[in-house]
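*Asks:* Sharing a model that was predicted from the sequence below.
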Amino acid sequence: SAGITPVLAPDQAKRLERRARWAEIQMTPFEQWVREDDGTWVERFADTGLRARFPELYGENVRRLERLGLTDVLYPYQVDDVARMAMKTRFELGSDVGTGKSIEYIAYVLVRGIQRAGVVCNSRLIGKWIDEIEAWKERLPHLADQLTYKVVDCLADLGTVEEGRLKDWSGLDGVRFVLLSYESLWRIPRDSAHKGKSQYTSRKIPVKPKKKGDPVTYVTRRFWHPSKYSLASAVKRVFANGAILADEAYRLKDMDAKQTAALTLLDARCRVAASATMIRNYIDDLLPILNWLFGERGLLFRRYGNWQEGEAQRFVERYGTYVYYRYNDPTRSDSRKMLPKIANAGEFRAWHAPMQIRRMREEPQVRPFVGAAEPSIRHESIPLSAEHRTFYEQLQSEFATWWEEYLKAQEEKGRVVNPSQILAKLGVLQRASTCPGMESLAIDGRASITYGGGLTSKMERAIELCRQHVARGEKVVVFGQYKQGLHVLQEELEDLNP
């Protein structure tokens, strides 16, 4: 009606103002150090990042750290990280190994005043988290009552259980950090009344008709359902007003995996994905992690969410790197393969910057505290033993014979050479040069030549070096391309085990 001016209620206006400020903070990039091609380090987004845009909030977070006494145990770069992390509710913690991701998460929980924080990690890493929290208790005795924790892998750890059913969460009273493993999260707890039941559910899926006008048919398929009796279904509301950290978050790269579905079931206001290798292999490994962090229609992720058809594929097309195979044979269509390399790296970094805080060990601010000594690298050329050389030359002769026959057959059929077949055969020669004792070494599909020469000269040298370093009281880490060769070294060095 004329003369009527709509006015928001004061509480609603404040709520919208807070929401707008929250969104602005979430969309602001983390400052990141990047090494240029000439070797110099440059801090990206220094003028547009969180420190520059919200200096008052950043300063308040630093003062909170000081009041808690955390500045006495954190390195300066960790104080800076936690002060920026505390501004956001969801982000990736992608710093290098050894830079203190677990320490920073604990400090993040304390600074934000989160009363219940979950840590989901590999079962073998739960002990590491316990050691970390206990170390903090010793260094910060005035915070010991705030650093309480509990490992949860059954219903009894959560509260009262009657006849296999959870009645309350009394077991978590006064517990701030709840430690869970990926392995137990999706399984039915051992003390549940539903132990032994199926976690699968059946659904009817419509099948597209072959012809227009044909009736729609259905097929019944079984799906694993995360909310059916799993431990995740029992704790899904425990962290509703708290936080969850997904340690080794690269494990979430498979959207259909049970552990990913179980973790997605947990509700939490603050979510942190921690891993030094967030993108394990290919760029699309990142999408399920971002989906868990921000949701398919989240503020940061809505551009490439799975909810809109084709968006995930557009993300891969934009930032994925491909190699193309083109064939002269008209009966074969061209193909392509994705490489583990990011295309449009500068654009990707700018898009990804609001989502990830990352530190590298070589950074100017980090290196003085956690930088390792300069490595001493020595290369040794080790000639093949006589038996190894004879075996390799025989296998090489078989390859030459196969190559002549293959070329002749392809010419008779009018086909071009298949690169993948050649690479497969060359791979056999490569493995024979390194680990000739492997059982799968055959050029023409059958192992016509076997190696019986024992240890190779390179293995003998590796064993000699291992024994020398162990004798000096040093720890030795051996990397090998093939596990068969490492098994041989393990047997030869078995006497060194305590």
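*Replies:* Yep, that arrived. Numbering: from 1, shown residues only.
*Asks:* what comes into contact with the helix or strand containing Glu43?
*Replies:* If you go by DSSP states H and E, Glu43 is part of strand 41-44. For strand 41-44, the external contacting residues (CB atoms under 8 Å, 6 or more residues apart in numbering) are 29, 31-36, 349, 353, 362-364. (Glycine included, C-beta is placed from N, CA and C.)
*Asks:* starting at the chain centroid, how far to it?
*Replies:* In terms of CA atoms, centre = their mean, to the nearest Å, the gap separating the centre of strand 41-44 from the centre of its chain is 25 Å.
*Asks:* Enumerate the positions of that strand that are buried.
*Replies:* Within strand 41-44, the residues scored as buried using 16 or more other CB atoms under 10 Å are Arg44.
*Asks:* about what we covered before: now render the contacts of strand 41-44 as CSV, adding secondary structure, pLDDT and neighbour count.
*Replies:* Below are the contacts of strand 41-44 laid out as CSV (DSSP: H, G, I helix; E, B strand; the rest coil; pLDDT from 0 to 100; neighbours: other CB atoms under 10 Å):
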residue, secondary structure, pLDDT, neighbour count
Pro29, coil, 94, 20
Glu31, coil, 95, 20
Gln32, strand, 93, 21
Trp33, strand, 93, 18
Val34, strand, 90, 16
Arg35, strand, 88, 12
Glu36, coil, 87, 8
Arg349, helix, 90, 16
Ala353, coil, 92, 19
Glu362, coil, 88, 13
Glu363, coil, 91, 22
Pro364, coil, 91, 11
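*Asks:* Widest-spaced pair of the residues you listed?
*Replies:* Maximum pairwise distance in the contacts of strand 41-44, criterion CB to CB, is 21.0 Å, between Pro29 and Glu362.
*Asks:* Report the distance from stretch 359-366 to the chain centre.
*Replies:* 21 Å.
*Asks:* pull the CA atoms of that stretch into CSV?
*Replies:* Taking Å, rounded to 0.1, in the frame of the first residue of the first chain, the C-alpha atoms of stretch 359-366 are listed here in CSV:
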residue,chain,number,x,y,z
ARG,A,359,52.6,-23.9,4.9
MET,A,360,55.7,-25.4,3.4
ARG,A,361,58.8,-26.3,5.2
GLU,A,362,61.0,-24.1,3.0
GLU,A,363,59.0,-20.9,3.6
PRO,A,364,61.0,-18.0,5.1
GLN,A,365,58.8,-17.9,8.2
VAL,A,366,58.8,-21.7,8.7
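*Asks:* what comes up buried for the one helix or strand in the chain whose mean pLDDT sits lowest?
*Replies:* Sorting the helices and strands of the chain by mean pLDDT, DSSP states H and E puts strand 320-325 at the bottom, at a mean of 78. Neighbour counts over strand 320-325 (16+ other CB under 10 Å) mark Gly320 as buried.
*Asks:* Who are the packing partners of that strand?
*Replies:* Helices and strands touching strand 320-325, as assessed by 3 or more CB pairs under 8 Å, 6 or more residues apart in numbering; DSSP states H and E, comprise strand 335-342.
*Asks:* What strands flank the strand it packs on, and is each parallel or antiparallel?
*Replies:* strand 320-325 (antiparallel) (DSSP bridges).
*Asks:* Contacts for the strand it pairs with next, please.
*Replies:* For strand 320-325, contacts defined as CB under 8 Å, 6+ apart pick out 282-284, 334-339, 341-343, 419.
*Asks:* likewise stretch 485-498?
*Replies:* Everything outside stretch 485-498 that qualifies as a contact, by CB under 8 Å, 6+ apart, is 434-435, 437, 455, 459, 462-463, 466-467, 470, 478, 480.
*Asks:* Closest to Ser385 out of those?
*Replies:* Leu455 (8.5 Å).
*Asks:* Run through the strands of the stretch 251-400 of the chain in chain order.
*Replies:* 270-274, 320-325, 335-342, 356-357 (DSSP state E, counting those that start in this stretch).
*Asks:* Please save the CA atoms from the least confident helix or strand of the chain in CSV.
*Replies:* Presented in CSV, the C-alpha positions along strand 320-325 are these (Å, rounded to 0.1, in the frame of the first residue of the first chain):
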residue,chain,number,x,y,z
GLY,A,320,42.8,-30.9,-15.5
THR,A,321,45.8,-31.6,-17.8
TYR,A,322,45.3,-34.1,-20.6
VAL,A,323,47.5,-36.0,-23.1
TYR,A,324,45.8,-36.9,-26.3
TYR,A,325,46.2,-40.0,-28.4
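*Asks:* now the angle from whichever strand or helix holds Gly427 to strand 320-325?
*Replies:* Here Gly427, judged by DSSP H and E, is contained in helix 419-434. Angle, helix 419-434 to strand 320-325, by axes from the mean of the first three to the mean of the last three CA atoms, to 10 degrees: 100 degrees.
*Asks:* Now helix 419-434: buried residues?
*Replies:* By 16+ other CB under 10 Å, the buried positions in helix 419-434 come out as 425, 428, 431-433.
*Asks:* out of the residues you listed, which one sits closest to Phe239?
*Replies:* Among the buried residues of helix 419-434, and counting by CB to CB, the member closest to Phe239 is Arg431, at 48.0 Å.
*Asks:* tell me the contacts of the nearest residue in space to the closest one that is not next to it in sequence?
*Replies:* Sequence neighbours aside, Met438 is the residue nearest to Arg431 in space, at 5.7 Å (criterion: CB to CB, 6 or more residues apart in numbering). By CB under 8 Å, 6+ apart, the contact list for Met438 reads 431-432, 482, 484.
*Asks:* Hmm, Thr99 is touching Arg367, no?
*Replies:* No: assessed by CB atoms under 8 Å, Thr99 is found out of contact with Arg367, at 10.5 Å.
*Asks:* who's more crowded, those two?
*Replies:* Shown here are Thr99 and Arg367; by other CB atoms under 10 Å, Thr99 has more neighbours (22 against 14).
*Asks:* so that one sits in a strand?
*Replies:* No: read with DSSP: H, G, I helix; E, B strand; the rest coil, Thr99 is coil and lies in no strand.
*Asks:* Name the nearest residue to it, ignoring sequence neighbours.
*Replies:* Distances taken as CB to CB, 6+ apart put Arg359 closest to Thr99, at 4.8 Å, once the chain neighbours are dropped.
*Asks:* Next, count neighbours for that neighbour.
*Replies:* Neighbours around Arg359, by other CB under 10 Å: 25.
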